[in-house]
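Colleague: Structure, please.
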Amino acid sequence: MLLCVDVGNSNITLGVFDGDQLICNYRMNTKMRRTSDEYGFLLESFLRSANLNHSDIEGVIVSSVVPKVMHSFRNGIIKFLGIEPLVMGPGVKTGVSVQLENPRSVGADRIADVVGAVKEYGYPLLIVDFGTATTYDYVDEYGVFKAGAISVGIETGANALWAQTAQLPEIEIKKPRSVMAKNTQSAMQAGVFYQFLGGFEKTVEAFRKESKTDFKVIATGGLGRVIYQYTDAIDVYDPTLIFKGLKTVYERTIEHEKSHPSHHQGDHFSNKNE
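Modeller: Now for the predicted structure:
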């Protein structure tokens, strides 16, 4: 079995594949500082809840955009699972050409999303990840990761609203019954929801206009569930996309290592197909 882990700015998400089937996934908070032992205990408890033993896990792959937690998290994996994890970065094989000005600056989670989407849905594509930030990644008709955009995430924007205004309460982010709100909470929900929905749809429209391509829009990320059912701009909502991408990267990297045991591997953020 393969354990796939995405260390994001807000949450660490974990998924376990048994062959090609994702059999379980879990989420923990990133912002709480933990020791390697605490991470190890959490990993073991997640596996137990899925009726799995640590010995069932044969490989681990991790993507991370939070370097400060990686030392403890990686050591927890090694100590409790007895496995050296494969970390998204130089040396991994994605099979996707990244043609951006500075490929090394692209977050590992975005690369994994692109890999998963290309394998699952073909191309051209616009992959939209609704997370702490909302990212838009464009893959052209040749399967090349060509461009992207980054905006404030819906929850991040809402947090700023009530954090910077003394009299506005914290709200649940959801579609309100009506935009013509009668109370402060509903007014905030209406404003946040429709501003975010409209901004998303306008951004997709701009990508279509400039790319001159009829691409599919693949949405992912936990906050995507807030809007995907209220817009025609999303073709597929796939909340497990990053796990599919990580699994693909892991398999391609292991296969390459077996066929090139002494070959010095390249950088997955290069501008060349691998």
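
Colleague: now stretch 209-217: how far from the chain's centre is it?
Modeller: 22 Å (C-alpha atoms, centre = their mean, to the nearest Å).

Colleague: Can you get me a residue count around V115?
Modeller: 28 (other C-beta atoms under 10 Å). For the C-beta atoms, the positions are set from N, CA and C on the backbone; glycine is no exception.

Colleague: and what of the one 5 residues further on?
Modeller: Neighbours of E120 under the rule other C-beta under 10 Å: 16.

Colleague: can you check the one 3 residues further on too?
Modeller: By other C-beta under 10 Å, 19 other residues sit near Y123.

Colleague: so which helix or strand takes in it?
Modeller: For Y123, there is no host helix or strand (DSSP states H and E).

Colleague: residues in contact with it?
Modeller: For Y123, the contacting residues are V139, D140, E141, Y142, G143, F215, by C-beta atoms under 8 Å, 6 or more residues apart in numbering.

Colleague: Let's have the residues you listed in TSV, adding neighbour count.
Modeller: Formatted as TSV, those follow (neighbours: other C-beta atoms under 10 Å):
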residue	neighbour count
V139	28
D140	17
E141	14
Y142	11
G143	17
F215	19
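
Colleague: Now those in a markdown table, please, with extra columns for distance to I254.
Modeller: What follows is these, written out as a markdown table (distance: C-beta to C-beta, whole Å):
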| residue | distance to I254 |
| --- | --- |
| V139 | 24 |
| D140 | 28 |
| E141 | 30 |
| Y142 | 26 |
| G143 | 22 |
| F215 | 31 |
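
Colleague: ok, those vs V66, which is closest?
Modeller: Minimum distance to V66 across the contacts of Y123 is 25.3 Å, recorded for V139 (C-beta to C-beta).

Colleague: list the contacts for the residue nearest to T220 when sequence neighbours are not counted?
Modeller: Spatial nearest neighbour of T220, excluding adjacent residues (C-beta to C-beta, 6 or more residues apart in numbering): L241 at 4.0 Å. L241 makes contact with D113, G116, A117, E120, I127, D129, I218, T220 under the criterion C-beta under 8 Å, 6+ apart.

Colleague: Also V114?
Modeller: Residues near V114 by C-beta under 8 Å, 6+ apart: T94, V96, I127, D137, V139, F145, G245.

Colleague: What's the biggest helix in this protein, counting residues?
Modeller: helix 184-211 (DSSP state H).

Colleague: Name the next helix or strand downstream of it, please.
Modeller: Moving toward the C-terminus from helix 184-211, the next helix or strand (DSSP H and E) is strand 216-220.

Colleague: Could you list the paired strands of that following strand along with their orientation?
Modeller: Using DSSP bridges, strand 216-220 pairs in its sheet with strand 125-130 (parallel), strand 236-237 (parallel).
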